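Trainee: Show me the folded form of this:
(2 chains)
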Amino acid sequence: MTLAAGILGIGLLGPGLPGWSAAAAVLAGRVAHEPVPLTPPAPSLLPATERRRTGPSVRLALAVAAEAVQDSGLPPEELDTVFASSNGEGLVITSILEALHTPDGAISPTQFHNSVHNAAAGYWGIAVGSSRPSVSLGGHDGVFATGLLHAAAQAAALGRPILFVAHDVPMPPPLDALRPTSEMFAVAMVLAPAGGGRGRFTLAPEDGAAPPPALPATLAALHDANPVARALPLLAALAVGSRAEVRLPMLEDACLRVTVAP
Amino acid sequence: MLPLRIAAITATSAMGVGLRATRAALLDRRTGLTPCDLPAMPGGIWIGRVREAEAIDPPAPLGAFGCRNTRLAELALRQDGFMTAVEAAAARHGAARVAVVLGTSTSGIEETERAWARRGPDGALTGYDFACTHDLHALPRYVRARLGLKGPCVSISTACTSGARAFLDAAMLIAVGLADAAVVGGADTLCRLTLNGFGSLELLAKGPTRPCAEDRDGISIGEAAAFALLERTGPGDAGAIGLLGAGASSDGHHMSSPHPDGLGAVAAMRAALDSAGLAPAAIDYVNMHGTGTRANDAMEDRAIAHVFGDGVPCSSTKGWTGHTLGASGALEAAIAAICVEDGLVPGCLGLARPDPAFGARIAVANQAAPVARVLSNSFGFGGSNCALVIGRLP
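Mentor: Sure thing, here's the model as predicted:
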């Protein structure tokens, strides 16, 4: 079973990868990768009161989502969305866990509603005034490929473009010891059932674990430092723009074969 | 969407382990809610606790998955011949053609809460497997491994619509041919984060929740696991129970308060009816999200009255189970299936008459009536809305 999709727009943020056009030059090997720490921008799309309530995970998601939608030229409020994140709102959840274990155990109501896994999707809906359906997925180390397959399936099922956003930030202590994630990384794609100015690909789930990626040293390190950065072999193939086949991790016994068409 | 056959369905909540007990509690109007006796929870509240799950262990090869959420999921999987039905589907289609799409809001976070409480001076969390418990993907990974399936594995977490979204999202995977069948549903379990979180929002009822009552005072939180097996329909399926339609929307309004006029709820219900190709009059019963809070029940009443007028009986069954969060959409899909099979409109528990300000037709007593199609609502934080239509296949 294979599923085809086209890319109408891309957004990307990672250390030394500030937006798709700058990142594409790095990923295609035309410019050296210089990993510099990333600070997710404050989401200018949100009203000030809502903006103040957002943390790095939501900010990262909104930044790449806005870039991808702008790149596609489509109205943001007309796109169904698929969000995917392994660690989700781990920072907020950890801060609630800390509060629960203080003597009075009181937690903040704003933090509680910000702790849901679909917080980024909720803020995106508020930011662009969208009433379109939205789903938020987990996926551990397979979060990018699982989300990509899911979003491509929705684009095909609905016969219209979908906004796919994958985003992950590091877990704070003490959870970081159990779920090591040392860098921030997020990617968004506006996916269409066919066509696409930013590239086309077919997807096929396969048995067996994904092989180690063929990436230069700094990108290979980033690949391992964030579950969403497991997208890097695909992003590098899209940046080069020639026919390529990559396998991305989904589960310990399953991967996603992505065949990029020129 | 093309309707899908619900080849098997099961539910375990405070109102009953498996469908037989669930059905009996529904008919007898017997709540599963009890005063909260778990430590470190807000005072004076009632909960829907499934004690039977607490002694269950996952089979040894999957021992790393042991946590409250896995134990409840395991107990639910063992009911109503569900595992046998999935085994037969895997034999028919191939294990790689059966997807697992499950919703949860907090997964096995209760295991991290326990580890946190026993932390030593170095502050380290020890004694459990994070990826197999706390992580959102733990639930579908466990169920997929337990059932020997090899198809797509999806964890959905859209707060309190998670279990309903699983039906909608799996239907899309089947529609595009990524799977021929799917195990869908959800599991969510009692934990300190959720109960104290709703406590911080001052949304918990003092006593068992009484959705749609004039003097309703909030939510009772419960836990549940519910699963369904969805397959394409075949010849001879007319009259069998199926998923006839599903629709979703976003409020785009506020993170925890619904749009006061229920615009998002209206959009989700209309999308579900459209996807089923049905007019509102074709619905015989609406199972409300009906959490028992003042604002949410009032919003949902306005939204239902907008779509259905006062012509369709509606009720919330959360008086039996409590609000089971990310499992509620799946649990209430199973309740909807019972209502269709038995010809039952359950009335809300614990009230003599509905809020007189409400415009929808709220049922407060059980009524025997032909029920061919049920619309089931789920709404959640982040402005997430989802409605399912469960009923007899045409």
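Trainee: Which pLDDT value does the model give residue A:244?
Mentor: Residue A:244 is assigned 97 on the pLDDT scale.
Trainee: hang on, it packs against residue A:257?
Mentor: No: using CB atoms under 8 Å as the test, residue A:244 is too far from residue A:257 to be in contact (11.2 Å). For the C-beta atoms, the positions are set from N, CA and C on the backbone; glycine is no exception.
Trainee: Please, which helix or strand holds the residue nearest the centre of chain B?
Mentor: What sits nearest the mean C-alpha location of chain B, by CA atoms, centre = their mean, is residue B:328, with 2.1 Å. Using DSSP states H and E, residue B:328 maps to helix B:328-342.
Trainee: sec struct for residue B:228, please.
Mentor: When classified by DSSP: H, G, I helix; E, B strand; the rest coil, residue B:228 comes out as strand.
Trainee: What's opposite it in the beta bridge?
Mentor: Here residue B:228 shows beta-bridge partners residue B:9, residue B:184, assigned using DSSP bridges.
Trainee: cool, and the one 4 residues further on?
Mentor: Residue B:232 has these beta-bridge partners by DSSP bridges: residue B:4.
Trainee: give me every residue that touches it.
Mentor: Counting by CB atoms under 8 Å, 6 or more residues apart in numbering or on different chains, residue B:232 touches B:2, B:4, B:5, B:174, B:180, B:181.
Trainee: go again using 7 Å as the cut-off
Mentor: By CB atoms under 7 Å, 6 or more residues apart in numbering or on different chains, residue B:232 lies in contact with B:4, B:174, B:180.
Trainee: Can you give me the pLDDT of residue 139?
Mentor: Going with chain A. Listed pLDDT for residue A:139 reads 98.
Trainee: let's do chain B instead
Mentor: Reported pLDDT for residue B:139: 98.
Trainee: Convert the C-alpha atoms of the strand or helix carrying it to CSV, please.
Mentor: According to DSSP H and E, residue B:139 maps onto helix B:138-146. What follows is helix B:138-146 as a C-alpha-only set of coordinates in CSV (Å, rounded to 0.1, in the frame of the first residue of the first chain):
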residue,chain,number,x,y,z
ALA,B,138,2.2,3.5,25.3
LEU,B,139,-1.5,2.7,25.0
PRO,B,140,-1.7,1.9,21.3
ARG,B,141,1.7,0.2,21.4
TYR,B,142,0.4,-2.1,24.3
VAL,B,143,-2.9,-2.9,22.6
ARG,B,144,-1.2,-3.6,19.2
ALA,B,145,1.4,-5.9,20.8
ARG,B,146,-1.2,-7.6,23.0
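Trainee: Return the distance of that helix from the chain's centre.
Mentor: Offset of helix B:138-146 from its chain centre (CA atoms, centre = their mean, to the nearest Å): 18 Å.
Trainee: Assign a three-state SS to residue B:20, would you?
Mentor: helix.
Trainee: For the nearest residue to residue B:354 once chain neighbours are set aside, grab the count of nearby residues.
Mentor: Closest residue to residue B:354 apart from its sequence neighbours, by CB to CB, 6 or more residues apart in numbering or on different chains: residue B:362 at 3.6 Å. Neighbourhood size, residue B:362 [other CB atoms under 10 Å in any protein chain shown]: 26.
Trainee: mind listing what residue B:362 touches?
Mentor: B:212, B:314, B:315, B:348, B:354.
Trainee: So which of the residues you listed sit within helices?
Mentor: Judged by DSSP state H, the contacts of residue B:362 include no members of helices.
Trainee: got CSV for the residues you listed, with neighbour count too?
Mentor: Shown next, in CSV, are the contacts of residue B:362 (neighbours: other CB atoms under 10 Å in any protein chain shown):
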residue, neighbour count
B:212, 30
B:314, 27
B:315, 28
B:348, 27
B:354, 23
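Trainee: List just the nearest of the residues you listed to residue B:249.
Mentor: Nearest to residue B:249 out of the contacts of residue B:362 is residue B:314 (CB to CB; 18.9 Å).
Trainee: What residues are bridge-paired with the closest one?
Mentor: When assigned by DSSP bridges, residue B:314 has beta-bridge partners residue B:286, residue B:362.
Trainee: ok, now which ones touch it?
Mentor: B:286, B:288, B:304, B:360, B:361, B:362, B:363.
Trainee: Quick check: next helix or strand after the helix holding residue B:139?
Mentor: Per DSSP H and E, the first helix or strand lying C-terminal to helix B:138-146 is strand B:153-156.
Trainee: Restricting to C-alpha, output the helix or strand following that following strand in CSV.
Mentor: The helix or strand immediately downstream of strand B:153-156 is helix B:162-175, counting by DSSP H and E. Output of helix B:162-175 as CSV, limited to C-alpha atoms (Å, rounded to 0.1, in the frame of the first residue of the first chain):
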residue,chain,number,x,y,z
SER,B,162,-9.6,11.7,22.1
GLY,B,163,-11.7,8.6,22.2
ALA,B,164,-14.3,9.9,19.7
ARG,B,165,-11.6,11.3,17.3
ALA,B,166,-10.1,7.7,17.2
PHE,B,167,-13.2,6.5,15.4
LEU,B,168,-13.1,9.4,12.9
ASP,B,169,-9.3,9.1,12.3
ALA,B,170,-9.4,5.4,11.8
ALA,B,171,-12.3,5.7,9.3
MET,B,172,-10.0,7.9,7.2
LEU,B,173,-7.1,5.4,7.4
ILE,B,174,-9.5,2.7,6.2
ALA,B,175,-11.0,5.0,3.5
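Trainee: Tell me where the stretch 1-150 of chain A has helices.
Mentor: A:20-27, A:48-52, A:56-72, A:90-100, A:109-114, A:119-128, A:143-158 (DSSP state H, counting those that start in this stretch).
Trainee: Let me have the ones you listed in a markdown table, extended by mean pLDDT, mean neighbour count and distance to chain B.
Mentor: Output for these, formatted as a markdown table (pLDDT from 0 to 100; neighbours: other CB atoms under 10 Å in any protein chain shown; distance: least, CB to the nearest CB, whole Å):
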| stretch | mean pLDDT | mean neighbour count | distance to chain B |
| --- | --- | --- | --- |
| helix A:20-27 | 98 | 20 | 26 |
| helix A:48-52 | 90 | 12 | 8 |
| helix A:56-72 | 98 | 25 | 10 |
| helix A:90-100 | 97 | 20 | 5 |
| helix A:109-114 | 95 | 20 | 4 |
| helix A:119-128 | 97 | 27 | 3 |
| helix A:143-158 | 98 | 26 | 4 |
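Trainee: I'd like those helices laid out as TSV, including distance to residue B:86.
Mentor: Putting the helices of the stretch 1-150 of chain A into TSV (distance: least, CB to CB, whole Å) gives the following:
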stretch	distance to residue B:86
helix A:20-27	42
helix A:48-52	43
helix A:56-72	35
helix A:90-100	32
helix A:109-114	36
helix A:119-128	30
helix A:143-158	21
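Trainee: and the residue lying closest to residue A:261 once chain neighbours are set aside, what pLDDT?
Mentor: With sequence-adjacent residues excluded and distances taken as CB to CB, 6+ apart, residue A:261 is closest to residue A:200, at 4.4 Å. The score at residue A:200 is 96. That number is its pLDDT.
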